[in-house]
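In: generate a structure from the sequence data that follows.
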Amino acid sequence: MALIFISCQHNNELNKNQKEFKKKHPLFSSQFENQIKNIYKEKALFGDFMFAVVDENGLAYSFTLNRDILEGNKTSLTNNSPIYIASHTKSFTGTLLKILEEKGELDLNHSLAHYLPELNYSDSVDTKTINLKSLLNHTHGTMSLPLIWKTAFIGYSGEDAELVNDLNTDFRYDPSHKFRYSNVGPIIAGLVVDEVTGNTWKDEMKRYIFEPLKMNNTSTYVTDFDFNEIRPSVTATKEIGIIETGFYKKDITMHASGGIISTLNDLSKWLNVNMKQDEILLSKNSWADLHTSTTEQDREYFTYKRIGYSLGWDIAKYQNNTILTRFGGLAGISFHISFLPNKNIGIIAFSTDSRANILPHLMANYAYNQLNSLPADSIFKEEKKKFSEVFEKKNKKLDFNASDILENDPSHSILGVYQNKLGWPKISITKKDNYYIFNWGVLNGKIYKTEKGKLLTRLGVLNRTFEIKNDSLLTGSLIYIKVKE
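Out: Modelled structure (predicted):
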């Protein structure tokens, strides 16, 4: 059943706050909107751009843009349009586990051996040395490719036991326990939530975060939305224009590291409660734990110097300010959420053009610099150069021609079902009209020929090359064997 989108919720309060913001920053909207419109025109962007400023009183400013809006046409894009927040889900998951700790249902300092004794990594890893906190701050040291691919892309049975088996049988381990970002830790933390509460991570998220914050248009289930209303990614190049649009998530691939769909209005409530450290969710001490670095990192992303990681947020520096960020991306979708804890200002930004994944960060910086009375235009001019470099790399011709689609041959020898002995989801190749479809778990796409003689399938969220020899399908290191009829 689709969620009911309520556009008038708290309308008076939001209008009042927006008026106060405009009064305090009378030039902000015109300057900001001129910059983003100019970029849309200059780069000939497709897809959507959504933006919000949040302060201590909630949503203070918002703006949405796409080609329809730019050209004065009707659009369905609003503050209540469903958007996928990708890896920002990790911040929600960290908060959920902190809530459960306050309620006495778990202890972040207790080990995996205590909560998931069946997860033993074939007895080659001492899980007593891995606590729940290390799962959330990416210092647990474990990695499992099947776990990542099944939960994020191709799907699985839905049973936690399958994921535990993947972790036990196909994994890598770094005993140094240094910070190593991946989806694995929060997903295992989600398995712990399932175990200790008797409910799913998804249902506990709704119970303890979405409902208390009245985030009525937010869910961990794709099927709670009208699928056609979820803002899709847009794959495009300069030469071809739009190649493909789509949203490539199913319920089964919505997970604790990337499994929430929300709206600009709902996310403003989430960001506001983090900025205020509102006790509607947690005590002040617990909020401090969530927003304070628990491990070091030394990385740079765009203009952000990342120096630490809490239980779900990157701790970084920008323009001599401490900034908490946790971004996300998938198949062209780029999501930005951040706040300056010492300034009571936060930003939400979202774009869907596959070439413009830096755009939300560029515009967030411009807004911060405007609001902090820095030389925003000159800083923007320099930062835009970095954005343009990335954009132009992605704007080039694809590594295959869309015209090189593999057409049917009389023998149809590649048709059939292929299975893998290691438990990866089956692959089937089917025929549609005059071309072939590659089906892998919950994903599917057309098959193309490449210049190097291999075959390639575009599965929306990823491209995959493969070859078929006799009855064997080889893709990467995976071997599939055709099932005999």
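
In: pretty sure T197 contacts E204?
Out: Yes: proximity of T197 to E204 meets the contact threshold set by CB atoms under 8 Å, at 5.7 Å. Quick note: C-beta positions are derived from backbone N, CA and C, even for glycine.

In: so these two - more neighbours on which side?
Out: Taking neighbours as other CB atoms under 10 Å, T197 and E204 compare with E204 leading, 23 against 18.

In: check contacts around that one.
Out: By CB atoms under 8 Å, 6 or more residues apart in numbering, the contact list for E204 reads 96, 100, 193, 197.

In: secondary structure element for the residue nearest to the second one when sequence neighbours are not counted?
Out: To tie it back to what came earlier, the one meant is L100. Closest residue to L100 apart from its sequence neighbours, by CB to CB, 6 or more residues apart in numbering: L106 at 5.2 Å. Following DSSP states H and E, there is no helix or strand that holds L106.

In: domain assignment for this structure?
Out: Structurally, the chain divides into domains by automatic domain parsing as follows: 1-398, 416-482.

In: which non-adjacent residue is nearest N439?
Out: The shortest distance from N439 to any residue other than its chain neighbours is 4.6 Å, reached at S428 (CB to CB, 6+ apart).

In: now for that neighbour, how many residues are close by?
Out: Counted by other CB under 10 Å, the residues lying close to S428 total 16.

In: quickly list what it is bridged to.
Out: V417, N439 (DSSP bridges).

In: ok, of the contacts of E204, which come out buried?
Out: When burial is judged by neighbour count using 16 or more other CB atoms under 10 Å, the buried members of the contacts of E204 are 96, 100, 193, 197.

In: where's the third one, which helix or strand?
Out: Element membership for V193, per DSSP H and E: helix 184-197.

In: counting contacts, what elements does that helix pack onto?
Out: With contacts taken as 3 or more CB pairs under 8 Å, 6 or more residues apart in numbering; DSSP states H and E, helix 184-197 sits against helix 89-102, helix 112-115, helix 132-136, strand 142-143, helix 145-149, helix 160-169, helix 201-205.

In: gap between the fifth one and the chain center?
Out: By that I understand helix 145-149. From the chain centre to the centre of helix 145-149 is a distance of 16 Å (CA atoms, centre = their mean, to the nearest Å).

In: how about residues contacting that helix?
Out: By CB under 8 Å, 6+ apart, the surrounding residues in contact with helix 145-149 are 163, 166-167, 170, 182-184, 187, 422-424.

In: neighbour count, distance to L135 and pLDDT for the residues you listed - can I get that in a markdown table?
Out: A markdown table is the format used below for these (neighbours: other CB atoms under 10 Å; distance: CB to CB, whole Å; pLDDT from 0 to 100):
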| residue | neighbour count | distance to L135 | pLDDT |
| --- | --- | --- | --- |
| L163 | 23 | 14 | 98 |
| D166 | 22 | 16 | 97 |
| L167 | 25 | 12 | 97 |
| D170 | 16 | 18 | 96 |
| S182 | 15 | 11 | 97 |
| N183 | 22 | 11 | 98 |
| V184 | 24 | 8 | 98 |
| I187 | 26 | 9 | 98 |
| L422 | 11 | 25 | 93 |
| G423 | 15 | 23 | 93 |
| W424 | 22 | 24 | 96 |
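
In: residues of the longest helix seen in the chain that come out buried?
Out: Looking across the chain with DSSP state H, the single longest helix is helix 376-394. When burial is assessed from 16+ other CB under 10 Å, helix 376-394 yields the following buried residues: 376, 379-380, 383-384, 387-388, 390-391, 394.

In: between these, which sits nearest G259?
Out: Set against G259, the nearest of these by CB to CB is K394 (25.7 Å).

In: gap between that closest one and L422?
Out: Counting by CB to CB, to the nearest Å, the gap between K394 and L422 amounts to 33 Å.

In: what strands line up against the strand or helix carrying A52, and which way round?
Out: Element membership for A52, per DSSP H and E: strand 49-55. Strand 49-55 pairs in its sheet with strand 58-65 (antiparallel), strand 345-351 (antiparallel), by DSSP bridges.

In: picking that back up, elements contacting the longest helix of the chain?
Out: With contacts defined as 3+ CB pairs under 8 Å, 6+ apart, helix 376-394 has these neighbours: helix 28-43, helix 359-371.

In: what sits up against it?
Out: Residues outside helix 376-394 that contact it (CB under 8 Å, 6+ apart) are 31, 35, 39, 43, 237, 302-303, 319, 354-359, 362, 365-366, 369-370.

In: the lowest-mean-pLDDT helix or strand in the chain to strand 49-55, inter-axis angle?
Out: Per-element confidence for the chain was summarised using mean pLDDT, DSSP states H and E. The lowest value among helices and strands belongs to helix 11-24, with a mean of 80. Using axes from the mean of the first three to the mean of the last three CA atoms, to 10 degrees, the interaxial angle of helix 11-24 with respect to strand 49-55 works out to 90 degrees.

In: for helix 11-24, packing partners?
Out: On the basis of 3+ CB pairs under 8 Å, 6+ apart, helix 11-24 makes packing contacts with helix 28-43, strand 49-55, strand 58-65.

In: now the contacts of E204 as JSON lines including distance to S219 and pLDDT?
Out: Written out in JSON lines, the entries for the contacts of E204 read as follows (distance: CB to CB, whole Å; pLDDT from 0 to 100):
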{"residue": "L96", "distance to S219": "14", "pLDDT": "98"}
{"residue": "L100", "distance to S219": "20", "pLDDT": "98"}
{"residue": "V193", "distance to S219": "17", "pLDDT": "98"}
{"residue": "T197", "distance to S219": "18", "pLDDT": "98"}
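
In: with distance to G259 added, can I get the residues you listed in JSON lines?
Out: Below are the contacts of E204 laid out as JSON lines (distance: CB to CB, whole Å):
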{"residue": "L96", "distance to G259": "12"}
{"residue": "L100", "distance to G259": "17"}
{"residue": "V193", "distance to G259": "13"}
{"residue": "T197", "distance to G259": "17"}
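
In: what's the closest of the helices and strands packed on helix 184-197 to E451?
Out: helix 145-149 (26.4 Å).

In: quick one: mean pLDDT over the closest one.
Out: The average pLDDT for helix 145-149 rounds to 97.

In: CA atoms of it as PDB?
Out: Extracted C-alpha coordinates of helix 145-149, given in PDB (Å, rounded to 0.1, in the frame of the first residue of the first chain):
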ATOM      1  CA  LEU A 145      31.600  -9.600  -1.500                       C
ATOM      2  CA  PRO A 146      28.500 -11.900  -1.800                       C
ATOM      3  CA  LEU A 147      26.900 -10.100   1.200                       C
ATOM      4  CA  ILE A 148      27.500  -6.700  -0.400                       C
ATOM      5  CA  TRP A 149      26.300  -7.700  -3.900                       C
END
